[in-house]
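**Student:** Dropping the sequence and predicted coords here.
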Amino acid sequence: MTMNMNMNMNMNMNVIRNVDHIAIAVWDIDEALPYYTDVLGLPLVQDELLSSAGVRLAYVQAGNVMLQFVQPIGETPIRKHLEEKGEGLQHLCFGVEDIPAALGSLPGEEQVQVKMGGRSRRACFIGAKPNGVPIELTEIDPYLAEDAAAGKNS
C-alpha cells in the first residue's frame, strides 16, 4: 500500500463516527416490531412518518446501534425493494458529523444528493455499494435550519 493510499484511508476512516443503524425493510411495522420489543425486550425509541420519502420509520435501540424498520407508504423505492427481494436487511447507515464534508472525502461521491432523513437528520445514500450493500450516511445531530443560517452546518 502506498503512503497516499494510507493517508486517504485514514482520512476517510476519521469521517465515520459510528454505525448509526441497520435498516430492515418490512411490509408492516406493526407486525414486525413485537418480536424485537416484546420477545427480545428492545425499546422502541421512535416511530415516525417521513412523507417526503414515502416511508414510515421505527427505531429500536439494540445496544450501541439502532435497528431501523422501513415500511413503504406509497409507490416508493422501498416498495420496489420489497417486491423484488422481500423483507430483510436493506442498508447499513454510518453516522458522520457533516455530510458535505464526508462526501468530499469519499472519491466519486461529491455530487450525491443530501435530503432530510429520519430523526430530523440530513442523510444520503452514496453511490458505492460494497459487497452489494447500500450505504447511507446520516448526521449524528439533528439538522437545524437556524444553525445552517448561522453557518454551523454546511
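**Tutor:** Thanks, I have the structure now.

**Student:** Show me where the protein has its helices.
**Tutor:** If DSSP state H is used as the criterion, the helices of the chain fall at 3-15, 29-34, 77-85, 99-105, 145-149.

**Student:** which one of those helices has the lowest average pLDDT?
**Tutor:** Ranked on mean pLDDT, the bottom entry among the helices of the chain is helix 3-15, at a mean of 51.

**Student:** mind showing which ranges of this protein have poor pLDDT?
**Tutor:** Across the chain, the ranges flagged by pLDDT under 70 are 1-13, 145-154.

**Student:** Verify the stated contact: V96 with E139.
**Tutor:** Yes: contact criterion CB atoms under 8 Å: V96 and E139 qualify, at 6.2 Å. C-beta coordinates here come from the backbone N, C-alpha and C atoms, glycine included.

**Student:** so who does S120 touch?
**Tutor:** Contact analysis of S120 by CB atoms under 8 Å, 6 or more residues apart in numbering lists P142, Y143.

**Student:** Give me the distance between it and L89.
**Tutor:** 25 Å (CB to CB, to the nearest Å).

**Student:** now T138
**Tutor:** Taken as CB to CB, the span from T138 to L89 is 17 Å.

**Student:** who has more neighbours, those two?
**Tutor:** Neighbours were counted for T138 and for L89 using other CB atoms under 10 Å; T138 has more, 21 against 13.

**Student:** Count the neighbours of the residue nearest to the more buried one when sequence neighbours are not counted for me.
**Tutor:** Nearest non-adjacent residue to T138, counting by CB to CB, 6 or more residues apart in numbering: A123, 4.3 Å away. Neighbour count for A123, taken as other CB under 10 Å: 21.

**Student:** Do I have it right that A123 meets I135?
**Tutor:** No: using CB under 8 Å, A123 is not in contact with I135, being 11.1 Å away.

**Student:** Between the two, which contacts overlap?
**Tutor:** In contact with both A123 and I135: C93, using CB under 8 Å, 6+ apart.

**Student:** thinking E97 is in contact with I16, fair?
**Tutor:** No: counting by CB under 8 Å, E97 does not reach I16; the two are 9.8 Å apart.

**Student:** and S52, how many neighbours?
**Tutor:** Counted with other CB under 10 Å, S52 comes out at 9.
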